[in-house]
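Novice: pasting the structure only:
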């Protein structure tokens, strides 16, 4: 009877021990799992986002369970080479013809390989010749058309392709019914074209072929480009987090008339401000951080310190030379023109960065160098491929994590 009573009284105690032991084991397992999960947690201090790095294969999860992975939150710097070059419309008095210069121009473009190029005094047929020019790269023959896309409407009527109805050129009989296009060439493998934008420097900027009382139109051709690989994917959000867009324009201001130049600067300023506002109001994508970098390049027929040059600065544009890491004074740069017919060589070709209302330009964009490159003719080192030098600008900018 005593042993029976002992077994009866001990039974509840044994059950209690088993229950306590089981609870401790479960708690220990939970703590272990929690620590393993904690080891896979990544805290992003930049955007206060917490994500879990799953150690399981996605295939082991059903469709209702999404496995989050660490977002790619690198602060990458992207290199960008842009260039501007007045190619010189062929004239009767020129020593060298376009046929003499064409290969030199094509080879210079292929050799310098700008990501974006603005050209001036570029007739339609000149652009077509360049696109089909055969160049040699790593022992392979190919055309510039395999590297670049081009956009540039005719300054006289806003048309893209040559027709017999085009007006006769008032300045050069050699080019016939052709004239300036102020084209933009861009690396087709790097950029995706987002939007075309063209206007004229006149009292009616949207009317093709207009100008401030000149015999020809004064056109500004622009493209909005997006880098194919600039958009950083945030896998934790299941989508894109940030992209960089480049708005790039090519133009040619009139020479010898300061008032026309100042009126042109006013048109450019209003167009840039309007495009920037429209971009932020209409082209922003929800949950996507977008940065817009804006340039205008070309032959401004205005030297540093001139009224036109200073008007561009007052309008919010920055001469790329003025912020170059080379640390050179602007007046220490060589002229951008080549002496063809005894004219004084001057620094009149510029690459401008639009920086109005954006004091953080230097935080995300850096101009590494600006070069004025004299491009010799193929058969004669004393001659040049144009009466202007090619201006190249090497830039780096932060392409993510604004």
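Specialist: Sure, I can see it. Values in this document were obtained by computation on a predicted structure and should not be read as measured data.
Novice: Low-confidence stretches in the stretch 101-250 of the chain?
Specialist: Along the stretch 101-250 of the chain, the parts satisfying pLDDT under 70 run over 135-141, 230-241.
Novice: I'd like to check what contacts stretch 297-309. Which residues are they?
Specialist: Contact with stretch 297-309 is made by 82-84, 86, 118, 120-121, 182, 248-256, 258, 261-262, 265, 312, 319, 330-331, 346-352, 388, 391, as judged by C-beta atoms under 8 Å, 6 or more residues apart in numbering. Glycine gets a C-beta too; all of them are placed from N, C-alpha and C.
Novice: now do 7 Å
Specialist: 82, 84, 86, 118, 120, 182, 250-255, 258, 261-262, 265, 330-331, 346-352, 388 (C-beta atoms under 7 Å, 6 or more residues apart in numbering).
Novice: buried ones in that stretch?
Specialist: Within stretch 297-309, the residues scored as buried using 16 or more other C-beta atoms under 10 Å are 297, 298, 299, 300, 301, 302, 303, 304, 306, 308, 309.
Novice: so what's the first one bridging to?
Specialist: The one in question is residue 297. Residues in a beta bridge with residue 297, per DSSP bridges, are residue 250, residue 351.
Novice: The chain: helices as residue ranges?
Specialist: Shown for the chain, the helices assigned by DSSP state H span residues 2-39, 98-112, 124-131, 258-282, 307-314, 361-364.
Novice: all strands in the stretch 101-250 of the chain, in order from the N-terminus.
Specialist: Remark: strands assigned in the stretch 101-250 of the chain by DSSP state E, counting those that start in this stretch are 116-120, 134-137, 140-143, 148-151, 184-187, 191-200, 219-227, 232-234, 239-252.
Novice: got TSV for these, with distance to residue 277 and mean neighbour count too?
Specialist: Formatted as TSV, those follow (distance: least, C-beta to C-beta, whole Å; neighbours: other C-beta atoms under 10 Å):
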stretch	distance to residue 277	mean neighbour count
strand 116-120	23	27
strand 134-137	41	12
strand 140-143	39	11
strand 148-151	23	20
strand 184-187	22	23
strand 191-200	13	18
strand 219-227	14	23
strand 232-234	26	19
strand 239-252	12	22
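Novice: I'd like these as CSV, with distance to residue 213 appended.
Specialist: Below are the strands of the stretch 101-250 of the chain laid out as CSV (distance: least, C-beta to C-beta, whole Å):
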stretch, distance to residue 213
strand 116-120, 21
strand 134-137, 42
strand 140-143, 40
strand 148-151, 27
strand 184-187, 27
strand 191-200, 13
strand 219-227, 16
strand 232-234, 49
strand 239-252, 16
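Novice: With residue 210 as the reference, name the closest of those strands.
Specialist: Nearest of the strands of the stretch 101-250 of the chain to residue 210, taken as C-beta to C-beta: strand 191-200 at 4.7 Å.
Novice: so what strands line up beside that closest one?
Specialist: When pairing is defined by DSSP bridges, strand 191-200 lines up against strand 219-227 (antiparallel).
Novice: and the strand it pairs with with helix 258-282, angle?
Specialist: Going by axes from the mean of the first three to the mean of the last three C-alpha atoms, to 10 degrees, strand 219-227 is angled at 30 degrees with respect to helix 258-282.
Novice: Can we start the residue count at 28 from this point?
Specialist: Okay, residue one is now 28; in that scheme the one you just asked about reads as strand 246-254.
Novice: how many degrees apart are strand 246-254 and strand 143-147 in direction?
Specialist: Here strand 246-254 points in a direction 170 degrees away from that of strand 143-147 (the same axes, to 10 degrees).
Novice: Residues in contact with strand 246-254: which ones?
Specialist: For strand 246-254, the external contacting residues (C-beta under 7 Å, 6+ apart) are 178-180, 182, 209-211, 213, 217-228, 270-278, 295.
Novice: and if you look at stretch 292-310?
Specialist: Here stretch 292-310 makes contact (C-beta under 7 Å, 6+ apart) with 224, 226, 228, 232, 247, 274, 319, 321, 323, 335, 338-339, 342, 381, 383.
Novice: Just the mean pLDDT for that stretch, thanks.
Specialist: For stretch 292-310, the mean per-residue pLDDT is 94.
Novice: Equivalent analysis for stretch 373-386, please.
Specialist: What stretch 373-386 shows for mean pLDDT is 88.
Novice: wouldn't residue 110 be in contact with residue 418 here?
Specialist: Yes: using C-beta atoms under 7 Å, residue 110 is in contact with residue 418, at 6.2 Å.
Novice: So for those two, which residue has more residues nearby?
Specialist: residue 418 (27 against 24; other C-beta atoms under 10 Å).
Novice: And stretch 195-214, what's buried?
Specialist: Applying 16+ other C-beta under 10 Å to stretch 195-214 flags 196, 199, 202, 204-214 as buried.
Novice: picking that back up, buried ones only from the contacts of stretch 324-336, please, as a ChimeraX command.
Specialist: Buried members of the contacts of stretch 324-336, defined by 16+ other C-beta under 10 Å, are picked up in ChimeraX with:
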select :109,111,113,145,147,209,277,278,279,280,281,288,289,292,374,375,376,377,378,379,415
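Novice: Looking at the closest residue to residue 381 other than its chain neighbours now. What's its pLDDT?
Specialist: Leaving aside its sequence neighbours, residue 381 sits nearest to residue 321 (C-beta to C-beta, 6 or more residues apart in numbering; 3.7 Å). Here, the pLDDT recorded for residue 321 equals 96.
Novice: Now do the same contact list for residue 321.
Specialist: Applying C-beta under 7 Å, 6+ apart to residue 321 gives the contacts 274, 299, 303, 381.
Novice: quick one: which of these has the most company?
Specialist: Within those, most neighbours by other C-beta under 10 Å means residue 381, with 25 neighbours.
Novice: For that residue, list the residues it contacts.
Specialist: By C-beta under 7 Å, 6+ apart, residue 381 lies in contact with 299, 321, 343, 344.
Novice: could those residues go into CSV alongside distance to residue 117?
Specialist: Shown next, in CSV, are the contacts of residue 381 (distance: C-beta to C-beta, whole Å):
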residue, distance to residue 117
299, 32
321, 32
343, 36
344, 31
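Novice: What about the residues you listed, which are in strands?
Specialist: If you go by DSSP state E, the contacts of residue 381 have 321, 344 in strands.
Novice: Any figure for the gap between the closest residue to residue 425 other than its chain neighbours and residue 377?
Specialist: Using C-beta to C-beta, 6+ apart and skipping the chain neighbours, the partner closest in space to residue 425 is residue 391 (4.4 Å). As judged by C-beta to C-beta, to the nearest Å, residue 391 and residue 377 stand 22 Å apart.
Novice: Thank you kindly, that will do.
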